[in-house]
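Engineer: Any chance you could fold what I've pasted below:
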Amino acid sequence: MNIGMVGVNHLCPIEIRESVSFTQSQKKELFHKAKEQGIEEIVILSTCNRSEIYIWGSELQTGVTFFKNFYKKRMGVGEAEDYLSIYKGKDVLKHLYEVAIGLDSLVLGEDQILGQVKEAWELAREEKGSGKLLNKIFREAITTAKSIKHQLKISEHPLSISYVATKFLKQQLGDLEDRKLLVIGAGKMSQLVLSYLHEEHVGKIYLSNRTHGKAKALEKSYEEIEIIAYEDRYNLLPEVDGVICATASPHIILRKEKLPTLVKPLCCIDIALPRDIDPRIGEMPHVSLFDIDSLKNVCETNNQRRQALAKEAEILIEEKIEVLMNWLEHSDMDSALKLLDETKKSIEQDTLEVIYKKTHLSEEDKKVIEKMLGAALNKFVRMPAKKLKQLENDEKRKQYLEAVETLFRREG
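Structural biologist: Next up is the predicted model:
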(Lines give C-alpha, C1' and ligand atoms only; values in the text may rest on other atoms or scores of the structure.)
Protein backbone atom coordinates (compact mmCIF):
# COMPACT_ATOMS: atom_id res chain seq x y z
CA MET A 1 0.00 0.00 0.00
CA ASN A 2 1.71 3.13 -1.28
CA ILE A 3 0.88 5.59 1.50
CA GLY A 4 3.34 7.40 3.74
CA MET A 5 3.55 10.24 6.26
CA VAL A 6 6.47 12.44 7.28
CA GLY A 7 6.23 15.05 10.04
CA VAL A 8 6.50 16.18 13.65
CA ASN A 9 4.01 16.59 16.49
CA HIS A 10 3.71 18.22 19.94
CA LEU A 11 6.48 16.01 21.39
CA CYS A 12 8.94 18.03 19.33
CA PRO A 13 10.35 21.29 20.85
CA ILE A 14 8.43 24.43 19.92
CA GLU A 15 11.46 25.94 18.15
CA ILE A 16 11.50 22.97 15.76
CA ARG A 17 7.73 23.09 15.20
CA GLU A 18 8.02 26.78 14.33
CA SER A 19 10.56 26.03 11.61
CA VAL A 20 8.19 23.59 9.86
CA SER A 21 4.95 25.53 10.27
CA PHE A 22 3.46 26.37 6.86
CA THR A 23 1.39 29.34 5.73
CA GLN A 24 -1.39 28.80 3.17
CA SER A 25 0.81 30.08 0.33
CA GLN A 26 3.65 27.77 1.40
CA LYS A 27 1.28 24.81 1.39
CA LYS A 28 0.13 25.64 -2.13
CA GLU A 29 3.75 25.85 -3.26
CA LEU A 30 4.39 22.42 -1.70
CA PHE A 31 1.54 20.87 -3.69
CA HIS A 32 3.28 21.93 -6.89
CA LYS A 33 6.69 20.70 -5.68
CA ALA A 34 5.16 17.32 -4.87
CA LYS A 35 3.80 16.99 -8.42
CA GLU A 36 7.24 17.86 -9.80
CA GLN A 37 8.67 14.99 -7.75
CA GLY A 38 6.15 12.57 -9.23
CA ILE A 39 4.14 12.31 -5.99
CA GLU A 40 0.62 11.51 -7.09
CA GLU A 41 -1.38 12.62 -4.04
CA ILE A 42 -0.58 14.83 -1.03
CA VAL A 43 -2.33 16.38 1.99
CA ILE A 44 -0.54 18.85 4.31
CA LEU A 45 -1.63 19.17 7.95
CA SER A 46 -0.01 22.14 9.69
CA THR A 47 -1.23 23.29 13.13
CA CYS A 48 0.29 24.81 16.26
CA ASN A 49 1.17 21.33 17.53
CA ARG A 50 2.02 19.37 14.41
CA SER A 51 3.32 19.55 10.86
CA GLU A 52 2.60 16.42 8.80
CA ILE A 53 2.65 15.59 5.09
CA TYR A 54 0.63 12.61 3.87
CA ILE A 55 1.51 11.18 0.46
CA TRP A 56 0.32 8.46 -1.89
CA GLY A 57 2.23 7.34 -4.95
CA SER A 58 3.67 4.42 -6.88
CA GLU A 59 7.18 5.69 -6.00
CA LEU A 60 6.47 6.01 -2.28
CA GLN A 61 10.06 5.82 -1.04
CA THR A 62 11.08 8.62 -3.39
CA GLY A 63 8.36 10.82 -1.92
CA VAL A 64 9.22 9.93 1.68
CA THR A 65 12.91 10.66 1.09
CA PHE A 66 12.11 13.99 -0.59
CA PHE A 67 9.99 15.24 2.31
CA LYS A 68 12.35 13.86 4.94
CA ASN A 69 15.14 15.93 3.41
CA PHE A 70 12.76 18.87 3.00
CA TYR A 71 11.96 18.83 6.74
CA LYS A 72 15.61 18.40 7.72
CA LYS A 73 16.54 21.44 5.65
CA ARG A 74 13.74 23.53 7.20
CA MET A 75 14.71 22.47 10.73
CA GLY A 76 18.36 23.33 10.21
CA VAL A 77 19.59 21.29 13.20
CA GLY A 78 21.98 18.36 13.26
CA GLU A 79 19.63 16.02 15.09
CA ALA A 80 16.61 16.91 12.92
CA GLU A 81 15.97 13.27 12.00
CA ASP A 82 15.49 12.44 15.69
CA TYR A 83 12.37 14.62 15.75
CA LEU A 84 10.81 13.28 12.55
CA SER A 85 8.08 10.65 12.52
CA ILE A 86 7.83 8.52 9.39
CA TYR A 87 4.98 6.05 8.86
CA LYS A 88 4.11 3.79 5.95
CA GLY A 89 1.19 1.55 5.03
CA LYS A 90 -1.32 0.63 7.70
CA ASP A 91 0.62 2.62 10.34
CA VAL A 92 -0.28 5.82 8.46
CA LEU A 93 -3.99 5.01 8.62
CA LYS A 94 -3.82 4.27 12.36
CA HIS A 95 -1.92 7.51 12.98
CA LEU A 96 -4.32 9.65 10.92
CA TYR A 97 -7.38 8.19 12.66
CA GLU A 98 -5.82 8.85 16.07
CA VAL A 99 -4.91 12.40 15.03
CA ALA A 100 -8.44 13.13 13.78
CA ILE A 101 -10.03 11.86 17.01
CA GLY A 102 -7.55 13.78 19.16
CA LEU A 103 -5.74 10.77 20.63
CA ASP A 104 -2.38 12.09 19.41
CA SER A 105 -2.96 15.65 20.64
CA LEU A 106 -1.32 17.54 23.49
CA VAL A 107 -4.84 17.77 24.92
CA LEU A 108 -6.22 14.26 24.59
CA GLY A 109 -9.52 14.21 22.70
CA GLU A 110 -9.48 17.93 21.89
CA ASP A 111 -12.06 19.12 19.36
CA GLN A 112 -10.12 21.57 17.22
CA ILE A 113 -7.88 19.04 15.47
CA LEU A 114 -10.79 17.35 13.67
CA GLY A 115 -11.70 20.63 12.00
CA GLN A 116 -8.04 21.19 11.12
CA VAL A 117 -7.78 17.76 9.49
CA LYS A 118 -10.90 18.54 7.46
CA GLU A 119 -9.52 21.93 6.40
CA ALA A 120 -6.22 20.34 5.36
CA TRP A 121 -8.06 17.83 3.19
CA GLU A 122 -10.31 20.51 1.67
CA LEU A 123 -7.29 22.62 0.70
CA ALA A 124 -5.64 19.57 -0.87
CA ARG A 125 -8.75 18.93 -2.95
CA GLU A 126 -8.96 22.58 -4.03
CA GLU A 127 -5.31 22.54 -5.11
CA LYS A 128 -5.67 19.14 -6.84
CA GLY A 129 -3.24 17.66 -4.31
CA SER A 130 -5.39 14.76 -3.18
CA GLY A 131 -7.05 12.27 -5.49
CA LYS A 132 -9.20 9.14 -5.30
CA LEU A 133 -7.15 7.35 -2.64
CA LEU A 134 -6.28 10.11 -0.14
CA ASN A 135 -9.80 11.49 -0.58
CA LYS A 136 -11.18 8.11 0.47
CA ILE A 137 -8.75 7.81 3.40
CA PHE A 138 -9.37 11.32 4.78
CA ARG A 139 -13.12 11.07 4.28
CA GLU A 140 -13.21 7.82 6.26
CA ALA A 141 -10.90 9.20 8.98
CA ILE A 142 -13.09 12.27 9.49
CA THR A 143 -16.34 10.28 9.46
CA THR A 144 -14.92 7.71 11.90
CA ALA A 145 -13.61 10.44 14.22
CA LYS A 146 -17.02 12.12 14.40
CA SER A 147 -18.73 8.79 15.07
CA ILE A 148 -16.33 7.63 17.80
CA LYS A 149 -16.21 11.01 19.55
CA HIS A 150 -20.02 11.02 19.65
CA GLN A 151 -20.27 7.36 20.69
CA LEU A 152 -17.73 7.59 23.52
CA LYS A 153 -18.38 11.25 24.38
CA ILE A 154 -14.62 11.85 24.41
CA SER A 155 -15.14 15.60 24.07
CA GLU A 156 -18.07 15.87 26.47
CA HIS A 157 -16.01 18.23 28.64
CA PRO A 158 -14.46 21.01 26.57
CA LEU A 159 -10.72 20.58 26.32
CA SER A 160 -8.56 22.47 23.86
CA ILE A 161 -5.38 24.52 23.96
CA SER A 162 -7.61 27.59 24.34
CA TYR A 163 -9.43 26.01 27.29
CA VAL A 164 -6.18 24.93 28.96
CA ALA A 165 -4.67 28.39 28.43
CA THR A 166 -7.69 30.03 30.08
CA LYS A 167 -7.56 27.69 33.08
CA PHE A 168 -3.80 28.16 33.34
CA LEU A 169 -4.24 31.95 33.36
CA LYS A 170 -6.73 31.57 36.19
CA GLN A 171 -4.22 29.48 38.13
CA GLN A 172 -1.65 32.25 37.73
CA LEU A 173 -3.92 35.23 38.49
CA GLY A 174 -6.57 33.71 40.76
CA ASP A 175 -10.14 34.98 40.42
CA LEU A 176 -10.55 36.74 37.05
CA GLU A 177 -13.65 38.78 37.87
CA ASP A 178 -11.70 41.94 38.72
CA ARG A 179 -8.97 41.42 36.16
CA LYS A 180 -8.24 43.21 32.90
CA LEU A 181 -7.05 40.99 30.06
CA LEU A 182 -5.87 41.54 26.52
CA VAL A 183 -6.55 38.97 23.79
CA ILE A 184 -4.64 39.43 20.54
CA GLY A 185 -6.07 37.64 17.52
CA ALA A 186 -9.60 36.95 16.31
CA GLY A 187 -9.27 33.47 14.78
CA LYS A 188 -10.79 30.23 16.02
CA MET A 189 -8.42 29.81 18.98
CA SER A 190 -9.01 33.37 20.14
CA GLN A 191 -12.76 32.94 19.76
CA LEU A 192 -12.60 29.90 22.04
CA VAL A 193 -10.49 31.86 24.52
CA LEU A 194 -13.10 34.64 24.58
CA SER A 195 -15.92 32.17 25.21
CA TYR A 196 -14.05 30.59 28.14
CA LEU A 197 -13.09 33.99 29.59
CA HIS A 198 -16.73 35.01 29.33
CA GLU A 199 -17.66 31.97 31.45
CA GLU A 200 -15.10 33.11 34.04
CA HIS A 201 -16.86 36.52 34.25
CA VAL A 202 -13.68 38.47 33.53
CA GLY A 203 -13.94 42.11 34.56
CA LYS A 204 -12.68 43.59 31.29
CA ILE A 205 -11.46 42.05 28.04
CA TYR A 206 -9.60 44.09 25.45
CA LEU A 207 -9.46 42.58 21.97
CA SER A 208 -6.93 43.55 19.33
CA ASN A 209 -6.57 42.17 15.83
CA ARG A 210 -4.72 43.22 12.72
CA THR A 211 -8.01 43.41 10.76
CA HIS A 212 -10.56 45.52 12.62
CA GLY A 213 -13.67 44.00 11.02
CA LYS A 214 -13.16 40.52 12.42
CA ALA A 215 -12.68 41.86 15.95
CA LYS A 216 -15.72 44.14 15.60
CA ALA A 217 -17.91 41.12 14.81
CA LEU A 218 -16.83 39.45 18.08
CA GLU A 219 -17.53 42.59 20.10
CA LYS A 220 -21.25 42.13 19.43
CA SER A 221 -21.20 38.73 21.14
CA TYR A 222 -19.62 39.82 24.43
CA GLU A 223 -20.50 43.01 26.27
CA GLU A 224 -17.30 42.95 28.33
CA ILE A 225 -15.14 43.29 25.20
CA GLU A 226 -13.57 46.55 24.08
CA ILE A 227 -11.79 46.74 20.73
CA ILE A 228 -8.29 48.19 20.76
CA ALA A 229 -6.52 49.28 17.58
CA TYR A 230 -3.76 46.83 16.67
CA GLU A 231 -1.11 49.56 16.62
CA ASP A 232 -2.07 50.49 20.23
CA ARG A 233 -1.51 46.99 21.67
CA TYR A 234 1.80 47.91 23.35
CA ASN A 235 0.28 50.95 25.08
CA LEU A 236 -2.28 48.78 26.85
CA LEU A 237 0.19 46.29 28.38
CA PRO A 238 0.95 48.32 31.56
CA GLU A 239 -2.80 48.43 32.34
CA VAL A 240 -3.74 44.75 31.97
CA ASP A 241 -3.05 41.75 34.22
CA GLY A 242 -2.73 39.18 31.47
CA VAL A 243 -2.31 38.68 27.74
CA ILE A 244 -3.29 35.72 25.58
CA CYS A 245 -1.91 35.71 22.03
CA ALA A 246 -3.28 33.44 19.33
CA THR A 247 -2.74 34.94 15.88
CA ALA A 248 -1.78 33.28 12.61
CA SER A 249 1.03 35.77 12.05
CA PRO A 250 4.25 34.24 10.68
CA HIS A 251 6.22 36.84 12.68
CA ILE A 252 6.60 38.02 16.28
CA ILE A 253 3.88 40.56 17.14
CA LEU A 254 5.09 41.55 20.65
CA ARG A 255 8.79 42.44 20.63
CA LYS A 256 10.97 43.03 23.68
CA GLU A 257 12.41 46.33 22.45
CA LYS A 258 8.92 47.81 22.01
CA LEU A 259 7.53 46.74 25.37
CA PRO A 260 6.82 49.72 27.69
CA THR A 261 8.04 49.84 31.27
CA LEU A 262 5.89 47.71 33.58
CA VAL A 263 5.24 48.45 37.23
CA LYS A 264 2.97 45.51 38.03
CA PRO A 265 2.97 41.77 37.16
CA LEU A 266 1.93 40.79 33.64
CA CYS A 267 1.12 37.17 32.77
CA CYS A 268 1.62 36.43 29.06
CA ILE A 269 0.36 33.23 27.45
CA ASP A 270 1.35 32.54 23.85
CA ILE A 271 -0.62 29.71 22.20
CA ALA A 272 0.33 30.63 18.63
CA LEU A 273 2.74 28.84 16.37
CA PRO A 274 4.92 30.37 15.10
CA ARG A 275 5.06 32.17 18.45
CA ASP A 276 3.54 35.63 18.74
CA ILE A 277 5.58 36.82 21.74
CA ASP A 278 9.32 37.42 21.70
CA PRO A 279 10.78 34.78 24.12
CA ARG A 280 13.12 37.47 25.55
CA ILE A 281 10.09 39.23 27.05
CA GLY A 282 9.98 36.45 29.63
CA GLU A 283 13.31 37.72 30.99
CA MET A 284 11.95 41.20 31.72
CA PRO A 285 10.97 42.40 35.23
CA HIS A 286 7.34 41.76 36.26
CA VAL A 287 6.69 39.45 33.25
CA SER A 288 5.75 35.78 33.36
CA LEU A 289 5.73 34.21 29.89
CA PHE A 290 4.28 30.81 29.00
CA ASP A 291 4.07 29.16 25.57
CA ILE A 292 2.29 26.01 24.36
CA ASP A 293 4.97 23.72 25.75
CA SER A 294 4.56 25.35 29.19
CA LEU A 295 0.97 24.09 29.28
CA LYS A 296 1.94 20.42 29.00
CA ASN A 297 1.73 19.74 32.73
CA VAL A 298 -1.81 21.10 32.88
CA CYS A 299 -2.71 18.95 29.88
CA GLU A 300 -1.32 15.80 31.50
CA THR A 301 -3.60 16.26 34.50
CA ASN A 302 -6.65 16.71 32.30
CA ASN A 303 -5.68 13.80 30.05
CA GLN A 304 -5.85 11.26 32.86
CA ARG A 305 -9.65 11.54 32.76
CA ARG A 306 -9.71 10.49 29.11
CA GLN A 307 -7.20 7.65 29.01
CA ALA A 308 -9.82 4.94 29.54
CA LEU A 309 -11.97 6.31 26.73
CA ALA A 310 -8.93 6.48 24.48
CA LYS A 311 -8.37 2.73 24.84
CA GLU A 312 -11.96 2.06 23.77
CA ALA A 313 -11.48 4.38 20.82
CA GLU A 314 -8.37 2.50 19.67
CA ILE A 315 -10.37 -0.74 19.47
CA LEU A 316 -13.03 0.94 17.34
CA ILE A 317 -10.35 2.52 15.15
CA GLU A 318 -8.81 -0.89 14.45
CA GLU A 319 -12.16 -2.23 13.25
CA LYS A 320 -12.67 0.71 10.88
CA ILE A 321 -9.12 0.47 9.54
CA GLU A 322 -9.58 -3.19 8.60
CA VAL A 323 -12.57 -2.26 6.45
CA LEU A 324 -10.62 0.57 4.79
CA MET A 325 -7.58 -1.66 4.26
CA ASN A 326 -9.72 -4.16 2.39
CA TRP A 327 -10.98 -1.40 0.10
CA LEU A 328 -7.48 -0.03 -0.50
CA GLU A 329 -5.95 -3.44 -1.19
CA HIS A 330 -8.43 -3.99 -4.00
CA SER A 331 -8.42 -0.44 -5.33
CA ASP A 332 -5.07 -1.11 -7.01
CA MET A 333 -6.95 -3.39 -9.42
CA ASP A 334 -8.93 -0.50 -10.85
CA SER A 335 -6.19 0.69 -13.20
CA ALA A 336 -5.54 -2.87 -14.44
CA LEU A 337 -9.22 -3.52 -15.07
CA LYS A 338 -9.56 -0.17 -16.81
CA LEU A 339 -6.55 -1.02 -18.98
CA LEU A 340 -8.10 -4.36 -19.99
CA ASP A 341 -11.34 -2.61 -20.87
CA GLU A 342 -9.54 0.04 -22.93
CA THR A 343 -7.60 -2.68 -24.77
CA LYS A 344 -10.83 -4.52 -25.54
CA LYS A 345 -12.46 -1.37 -26.92
CA SER A 346 -9.39 -0.55 -29.02
CA ILE A 347 -9.29 -4.07 -30.54
CA GLU A 348 -13.03 -3.91 -31.21
CA GLN A 349 -12.80 -0.54 -32.95
CA ASP A 350 -9.74 -1.51 -35.06
CA THR A 351 -11.27 -4.84 -36.08
CA LEU A 352 -14.57 -3.29 -37.13
CA GLU A 353 -12.78 -0.65 -39.21
CA VAL A 354 -10.87 -3.39 -41.13
CA ILE A 355 -14.07 -5.44 -41.67
CA TYR A 356 -16.03 -2.44 -42.94
CA LYS A 357 -13.27 -1.47 -45.37
CA LYS A 358 -13.07 -4.94 -46.94
CA THR A 359 -16.79 -5.75 -47.07
CA HIS A 360 -20.04 -4.18 -48.12
CA LEU A 361 -22.41 -4.98 -45.28
CA SER A 362 -25.91 -3.81 -44.64
CA GLU A 363 -26.66 -1.86 -41.48
CA GLU A 364 -28.40 -4.92 -40.06
CA ASP A 365 -25.36 -7.15 -40.73
CA LYS A 366 -23.06 -4.55 -39.12
CA LYS A 367 -25.15 -4.62 -35.96
CA VAL A 368 -24.93 -8.43 -35.81
CA ILE A 369 -21.15 -8.41 -36.24
CA GLU A 370 -20.70 -5.64 -33.66
CA LYS A 371 -22.79 -7.60 -31.18
CA MET A 372 -20.92 -10.90 -31.78
CA LEU A 373 -17.48 -9.26 -31.67
CA GLY A 374 -18.36 -7.30 -28.51
CA ALA A 375 -19.59 -10.46 -26.77
CA ALA A 376 -16.45 -12.40 -27.71
CA LEU A 377 -14.11 -9.67 -26.49
CA ASN A 378 -16.10 -9.21 -23.26
CA LYS A 379 -15.64 -12.91 -22.60
CA PHE A 380 -11.91 -12.49 -23.25
CA VAL A 381 -11.67 -9.70 -20.66
CA ARG A 382 -14.09 -11.11 -18.11
CA MET A 383 -12.02 -14.19 -17.23
CA PRO A 384 -8.73 -12.42 -16.22
CA ALA A 385 -10.74 -9.69 -14.46
CA LYS A 386 -12.56 -12.33 -12.42
CA LYS A 387 -9.29 -14.07 -11.55
CA LEU A 388 -7.72 -10.79 -10.41
CA LYS A 389 -10.64 -10.04 -8.10
CA GLN A 390 -10.46 -13.50 -6.54
CA LEU A 391 -6.75 -13.35 -5.72
CA GLU A 392 -6.15 -13.17 -1.96
CA ASN A 393 -2.37 -13.50 -2.00
CA ASP A 394 -1.09 -9.90 -1.94
CA GLU A 395 2.26 -10.69 -3.56
CA LYS A 396 0.74 -12.76 -6.35
CA ARG A 397 -1.91 -10.11 -7.03
CA LYS A 398 0.81 -7.47 -7.25
CA GLN A 399 2.75 -9.60 -9.76
CA TYR A 400 -0.35 -10.16 -11.91
CA LEU A 401 -1.22 -6.47 -11.90
CA GLU A 402 2.30 -5.57 -12.98
CA ALA A 403 2.06 -8.17 -15.75
CA VAL A 404 -1.18 -6.63 -17.05
CA GLU A 405 0.45 -3.18 -17.04
CA THR A 406 3.50 -4.49 -18.91
CA LEU A 407 1.56 -6.49 -21.51
CA PHE A 408 -1.28 -4.11 -22.32
CA ARG A 409 0.00 -0.59 -21.65
CA ARG A 410 0.51 1.17 -24.95
CA GLU A 411 3.68 3.24 -25.34
CA GLY A 412 3.05 6.99 -25.73
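Engineer: How is this structure partitioned into domains?
Structural biologist: 3-157+305-330, 161-298, 337-384+396-408 (automatic domain parsing).
Engineer: Which one of these has the poorest average confidence?
Structural biologist: Of all the domains of the chain, the minimum mean pLDDT falls on domain 337-384+396-408 (a mean of 86).
Engineer: what ranges do the helices span in the stretch 251-400 of the chain?
Structural biologist: In the stretch 251-400 of the chain, the helices defined using DSSP state H, counting those that start in this stretch lie at 296-303, 307-331, 333-358, 363-390, 394-408.
Engineer: Let me have the ones you listed in a markdown table, extended by mean neighbour count and distance to Gly187.
Structural biologist: Any C-beta I mention is one placed from the backbone N, CA and C, and that applies to glycine too. Listed next are these as a markdown table, based on neighbours: other C-beta atoms under 10 Å; distance: least, C-beta to C-beta, whole Å:
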| stretch | mean neighbour count | distance to Gly187 |
| --- | --- | --- |
| helix 296-303 | 15 | 21 |
| helix 307-331 | 14 | 28 |
| helix 333-358 | 14 | 40 |
| helix 363-390 | 12 | 49 |
| helix 394-408 | 13 | 45 |
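Engineer: Not counting sequence-adjacent ones, nearest residue to Glu377?
Structural biologist: Actually, residue 377 is Leu. It isn't Glu. Nearest residue to Leu377, sequence neighbours excluded (C-beta to C-beta, 6 or more residues apart in numbering): Lys344, at 4.7 Å.
Engineer: How about Tyr97?
Structural biologist: Ile317 (4.7 Å).
Engineer: ok so, going back, looking at the domains of the chain, which is closest to Gln390?
Structural biologist: Among the domains of the chain, the nearest to Gln390 by C-beta to C-beta is domain 337-384+396-408 (9.5 Å).
Engineer: what's the most centrally placed residue in the chain in contact with, if anything?
Structural biologist: Central residue of the chain (C-alpha atoms, centre = their mean): Leu45, 3.0 Å from the mean position. Counting by C-beta atoms under 8 Å, 6 or more residues apart in numbering, Leu45 makes contact with 7, 51-54, 99, 116-117, 120.
Engineer: mind running it again at 7 Å?
Structural biologist: Counting by C-beta atoms under 7 Å, 6 or more residues apart in numbering, Leu45 makes contact with 52, 116-117, 120.
Engineer: Likewise for Ser331?
Structural biologist: Per C-beta under 7 Å, 6+ apart, neighbours of Ser331: Leu133.
Engineer: hmm, back to that, would you confirm that the residue nearest to Leu377 contacts Val381?
Structural biologist: Yes: Lys344 lies in contact with Val381 (C-beta atoms under 7 Å); the separation is 4.8 Å.
Engineer: so what sits against both of those two?
Structural biologist: Joint contacts of Lys344 and Val381 (C-beta under 7 Å, 6+ apart) do not exist.
Engineer: how close does the closest residue to Lys132 other than its chain neighbours sit to Phe70?
Structural biologist: The shortest distance from Lys132 to any non-neighbouring residue, by C-beta to C-beta, 6+ apart, is to Ser331 (7.5 Å). Distance, Ser331 to Phe70, using C-beta to C-beta, to the nearest Å: 28 Å.
Engineer: try Leu266
Structural biologist: Leu266 is 39 Å from Phe70, by C-beta to C-beta.
Engineer: again with Glu199
Structural biologist: Distance from Glu199 to Phe70, by C-beta to C-beta: 42 Å.
Engineer: Please say which of the two ends up with more neighbours.
Structural biologist: Phe70 (17 against 12; other C-beta atoms under 10 Å).
Engineer: Residues touching the helix or strand containing that one, excluding its own?
Structural biologist: Under the criterion of DSSP states H and E, Phe70 resides in helix 60-75. With C-beta under 7 Å, 6+ apart as the test, helix 60-75 has contacts from 2, 4, 6, 16, 19-20, 37-39, 53, 55, 57, 80-81, 84, 86, 88.
Engineer: Which of those residues fall in helices?
Structural biologist: 16, 19, 80-81 (DSSP state H).
Engineer: Just the buried residues from the residues you listed, in ChimeraX please.
Structural biologist: Only the buried entries of the ones in helices among the contacts of helix 60-75 go into this ChimeraX selection, using 16 or more other C-beta atoms under 10 Å:
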select :16,19,80
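Engineer: Farthest-apart pair in the ones in helices among the contacts of helix 60-75, please.
Structural biologist: The widest separation within the ones in helices among the contacts of helix 60-75 (C-beta to C-beta) is 14.0 Å, between Ser19 and Glu81.
Engineer: phi, psi of the closest residue to Thr23 other than its chain neighbours?
Structural biologist: Once flanking residues are discounted, Thr23 sits nearest to Pro250: 5.7 Å by C-beta to C-beta, 6+ apart. Main-chain torsions, Pro250, degrees, to the nearest 10: phi -80, psi 0.
Engineer: what about Pro250, neighbour count?
Structural biologist: Neighbour tally, Pro250, other C-beta under 10 Å: 12.
Engineer: Check the one 5 residues further on too.
Structural biologist: Counted with other C-beta under 10 Å, the burial measure for Arg255 works out to 13 neighbours.
Engineer: Pull the contacting residues for it.
Structural biologist: Counted by C-beta under 7 Å, 6+ apart, Arg255 has contacts Asp278.
Engineer: For the ones in helices among the contacts of helix 60-75, could you give me JSON lines that also reports distance to Arg74?
Structural biologist: Below are the ones in helices among the contacts of helix 60-75 laid out as JSON lines (distance: C-beta to C-beta, whole Å):
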{"residue": "Ile16", "distance to Arg74": "9"}
{"residue": "Ser19", "distance to Arg74": "5"}
{"residue": "Ala80", "distance to Arg74": "8"}
{"residue": "Glu81", "distance to Arg74": "13"}
